[in-house]
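Asks: Need coordinates for the below:
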Amino acid sequence: MTHVEQIPLSHDDPILAICQESFGLSYPFPWQRLIIASVLDAVSSQTTNPEDASFDREPLREIAVLPTGAGKSLCWMLPASVIDGITVAVFPLLSLIADQKRRLDAAGLPSLTLKGGLTRENREKIWRALESGETRIILANPEILSTARVAQRLKELKPKFLVVDETHTVSQWGESFRPACAGMGSLVKDWNPAAVLALTATAGPLIRSRITELLFNGQSPTTALANPNRPELYYGVVPALSRHHILERLVRSEPRPLIVFGPTRLSVVMAARMLRDRLKDNRIRYYHAGLSQEEKTRLETWFLSSSDAVLCATCAYGMGVDKSDIRSVIHLAPPDSAESYLQESGRASRDGKGANAWLIWTPDDVNKQSMRTSIDSARSTPPQSRAEQLSHERRRSIINYALSTTCCRRAMLLETLGMEASDCSGCDVCGAKPWTSAPEKRLICQTIRWNQRRLSRGQAARVLIGRRSAEIRSKGFDTLRGFGCLSDWELEDAERAIETLLRSGKLTLGRFGPWKKLLSVNRAKAFLKKSPSYAVD
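Replies: Numbers count the residues shown, from 1 in each chain. Sure thing, here's the model as predicted:
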């Protein structure tokens, strides 16, 4: 957006005037304007003279799916700034609440944060400010709103506008580890605000149907779907036998600032430590929900101000990011759905200048999905719940994305949101021949086949990287065919690659006799034909 000074203020258009005067933006995008207008109309109709026919108008219940960077915050902040009544805005993460508070402060809009850990005195201060009208905007997380005393106190204040941001978490998190996210439908029923706005960047038909059930209590909401395509992002998938080896290569070559998303706290801690050690770079740090609030704030400030940082993070950081110049996003493993992948990869290139999004996958990821499918199909009683079916479909969508080598990556991602891609502006499938398997698989399997039943797992790893230990020399393994074929690998990465091939059945270990615990190739599964070369430019 251009700066406000370039376009004169227009008081003939109230939305445009507020957008310019309060938020310093020259104009709202079309989808922003439509959503803002629908909220204001709904609230206005509920406060009209009861004798007016419009007084009986139904409350607004709306899901708005806007791509990352499309300005979802303005869709609720602008109406909240003019509504004569309480606005309750709900966010799943404290870091996101802090970011929204910062934006409200910058716009000169008073707001209060309601969260756990407040003293009784501070909480009473909040109630007094709301009751007096001194403050009309309250920011909160689902857990604090689920407490009976807080929910009742807010009900007495009769909120007119309820905003639920990152609404996909109502289903994705609410049905697993955060039941308070799934329980917000009771607030909608009890408070009955004039407008309820559910905002998210990624919610396909399945997720939207679940939001309808959980948040809107089965009442079909209005749906605003903007085009989620991010043409400036390049999508690629890298098959691997060792995640850390591929991650190191990508971080060495990809432009920064860079985010590495990992599935667990331990995975991002280990990734950050590995990268710092191998790259000798102190600009690499990690972030997850288990850190103290002070540490989170320090890391957020550091990353936002850095032009060459690498942050290894769980999804606890992704939804709180407002950094426009992220040039690369790498996923250490497939997230739980294609929608989550769209959400997290969409943190890049908010300035529109282009970025790369890479997904690393290993055979273990596919094996986990296959195992889950077998378990699900074996169940006869009781039948799968709707939540289990949804979880399975979502997981399958990202595995299909990772495995596909014929379908456009962009088209597959957009399809999960019920959209179509008219063309592809950049992905590995459309732009070049994608990798069908980890390129090092052929080298490893070929070396083991040349030296069938001669090497243990540890010995094989040392032969592959060309490490001449005393044991290797004494047994003459340093003259074996294939010695040093992975000379640029770390020992631990070669060991992980062998373990991955064993788990996937490409390699086997002897069980009896003189070949016990010695490696051999399962020729039926090894597929030794030449793989595409691997190079990350």
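
Asks: For the stretch 251-400 of the chain, just list every one of the strands.
Replies: With DSSP state E, counting those that start in this stretch, the ranges of strands along the stretch 251-400 of the chain come out as 258-261, 284-287, 310-313, 328-331, 355-361.

Asks: how about the second one as PDB, C-alpha atoms only?
Replies: Think strand 284-287. The C-alpha coordinates for strand 284-287 follow below in PDB (Å, rounded to 0.1, in the frame of the first residue of the first chain):
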ATOM      1  CA  ILE A 284      20.800 -18.900  14.000                       C
ATOM      2  CA  ARG A 285      18.400 -19.300  16.900                       C
ATOM      3  CA  TYR A 286      15.300 -21.200  18.000                       C
ATOM      4  CA  TYR A 287      11.800 -20.300  19.200                       C
END
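
Asks: can you tell me which of the strands of the stretch 251-400 of the chain comes nearest to A226?
Replies: Between A226 and those, the tightest spacing by Cβ to Cβ is seen for strand 355-361, at 19.6 Å. Bear in mind the C-beta positions are built from the backbone N, C-alpha and C, glycine included.

Asks: strand partners of the closest one, parallel vs antiparallel please.
Replies: Take DSSP bridges as the rule and strand 355-361 pairs in its sheet with strand 233-239 (parallel), strand 328-331 (parallel).

Asks: in the last one, what counts as buried?
Replies: Within strand 328-331, the residues that count as buried by 16 or more other Cβ atoms under 10 Å are S328, V329, I330, H331.

Asks: so what's the second one bridging to?
Replies: Which is V329. I259, A357.

Asks: Look up how far Q389 lies from H245.
Replies: In this structure, H245 and Q389 are 36 Å apart, going by Cβ to Cβ, to the nearest Å.

Asks: Check which helices and strands the host helix or strand of L74 sits against.
Replies: Using DSSP states H and E, L74 sits in helix 72-82. Here helix 72-82 touches helix 14-23, helix 30-46, strand 87-90, helix 94-106, strand 161-164, strand 195-200, going by 3 or more Cβ pairs under 8 Å, 6 or more residues apart in numbering; DSSP states H and E.

Asks: going on from the longest one, what's the next piece of helix or strand?
Replies: Moving toward the C-terminus from helix 30-46, the first helix or strand encountered (DSSP H and E) is strand 60-65.

Asks: For that following strand, give me every contacting residue.
Replies: Identification of contacts with strand 60-65 by Cβ atoms under 8 Å, 6 or more residues apart in numbering yields 31, 35, 38-39, 41-42, 72, 75, 167, 188, 194-203, 208, 211-212, 216, 219-226, 228, 417.

Asks: Run through who's touching stretch 506-519.
Replies: Counting by Cβ under 8 Å, 6+ apart, 441, 444-445, 448, 453-457, 460, 498, 501-502, 520-522, 525-527 sit against stretch 506-519.

Asks: quick revisit: V260 is nearest to which of the strands paired with strand 355-361?
Replies: Across the strands paired with strand 355-361, V260 has its closest neighbour in strand 328-331 (4.8 Å, Cβ to Cβ).

Asks: taking the mean pLDDT, what do you get for that closest one?
Replies: The predicted model gives strand 328-331 an average pLDDT of 98.

Asks: Using CSV, please lay out the strands of the stretch 251-400 of the chain together with distance to W173.
Replies: Converted to CSV, the strands of the stretch 251-400 of the chain look like this (distance: least, Cβ to Cβ, whole Å):
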stretch, distance to W173
strand 258-261, 16
strand 284-287, 18
strand 310-313, 17
strand 328-331, 19
strand 355-361, 21
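
Asks: tell me, what residue is most central in the chain?
Replies: By Cα atoms, centre = their mean, the mean C-alpha position of the chain lies nearest to E344, the distance being 3.2 Å.

Asks: Mean neighbour count, distance to F483 and mean pLDDT for the helices and strands packed on helix 72-82 - can I get that in JSON lines?
Replies: Formatted as JSON lines, the helices and strands packed on helix 72-82 follow (neighbours: other Cβ atoms under 10 Å; distance: least, Cβ to Cβ, whole Å; pLDDT from 0 to 100):
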{"stretch": "helix 14-23", "mean neighbour count": "18", "distance to F483": "64", "mean pLDDT": "86"}
{"stretch": "helix 30-46", "mean neighbour count": "20", "distance to F483": "60", "mean pLDDT": "88"}
{"stretch": "strand 87-90", "mean neighbour count": "25", "distance to F483": "60", "mean pLDDT": "97"}
{"stretch": "helix 94-106", "mean neighbour count": "18", "distance to F483": "49", "mean pLDDT": "89"}
{"stretch": "strand 161-164", "mean neighbour count": "26", "distance to F483": "59", "mean pLDDT": "97"}
{"stretch": "strand 195-200", "mean neighbour count": "27", "distance to F483": "53", "mean pLDDT": "95"}
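
Asks: Among the ones you listed, which comes closest to A148?
Replies: Set against A148 and scored by Cβ to Cβ, the helices and strands packed on helix 72-82 come closest in strand 87-90, at 16.1 Å.

Asks: What strands line up against the closest one, and which way round?
Replies: Strand 87-90 has these strand partners (DSSP bridges): strand 137-140 (parallel), strand 161-164 (parallel).

Asks: can you redo the ones you listed as CSV with distance to S253?
Replies: Below are the strands paired with strand 87-90 laid out as CSV (distance: least, Cβ to Cβ, whole Å):
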stretch, distance to S253
strand 137-140, 40
strand 161-164, 40
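
Asks: Helices of the stretch 401-537 of the chain, residue ranges please.
Replies: Assigned by DSSP state H, counting those that start in this stretch, the stretch 401-537 of the chain shows helices spanning 409-416, 428-431, 440-450, 457-465, 470-474, 491-503, 523-526.

Asks: Counting by contacts, list what the second one packs against.
Replies: This points to helix 428-431. The contact analysis (3+ Cβ pairs under 8 Å, 6+ apart) places helix 428-431 against strand 233-239, helix 409-416.

Asks: In terms of mean pLDDT, which of the ones you listed ranks lowest?
Replies: Per-stretch averages of pLDDT across those put helix 409-416 at the bottom, with a mean of 89.

Asks: Which residues belonging to that one are considered buried?
Replies: For helix 409-416, using 16+ other Cβ under 10 Å, the buried residues are R409, R410, A411, M412, L413, L414, E415, T416.

Asks: Strand 355-361 and that helix, what's the angle between them?
Replies: Angular relation of helix 409-416 and strand 355-361 on a 0 to 180 degree scale: 80 degrees, by axes from the mean of the first three to the mean of the last three Cα atoms, to 10 degrees.

Asks: quick one: the residue lying farthest from the centre of the chain from K125, how far?
Replies: No residue in the chain sits farther from the centre than S474, which is 50.5 Å out by Cα atoms, centre = their mean. The gap separating S474 from K125 is 76 Å, by Cβ to Cβ.

Asks: repeat for G71
Replies: Relative to K125, and taking Cβ to Cβ, G71 is found at 32 Å.

Asks: Pick out whichever of these two has more residues nearby.
Replies: G71 (18 against 13; other Cβ atoms under 10 Å).

Asks: quick one: contacts for the nearest residue to that one once chain neighbours are set aside?
Replies: Distances taken as Cβ to Cβ, 6 or more residues apart in numbering place Q32 nearest to G71, at 5.5 Å, with adjacent residues excluded. The contact partners of Q32, by Cβ under 8 Å, 6+ apart, come to A70, G71, L74, C75.

Asks: Tell me who's in contact with the nearest residue to R273 once chain neighbours are set aside.
Replies: Leaving aside its sequence neighbours, R273 sits nearest to Y286 (Cβ to Cβ, 6+ apart; 7.9 Å). Y286 makes contact with V268, V269, A271, A272, R273, L311, C312, A313, according to Cβ under 8 Å, 6+ apart.
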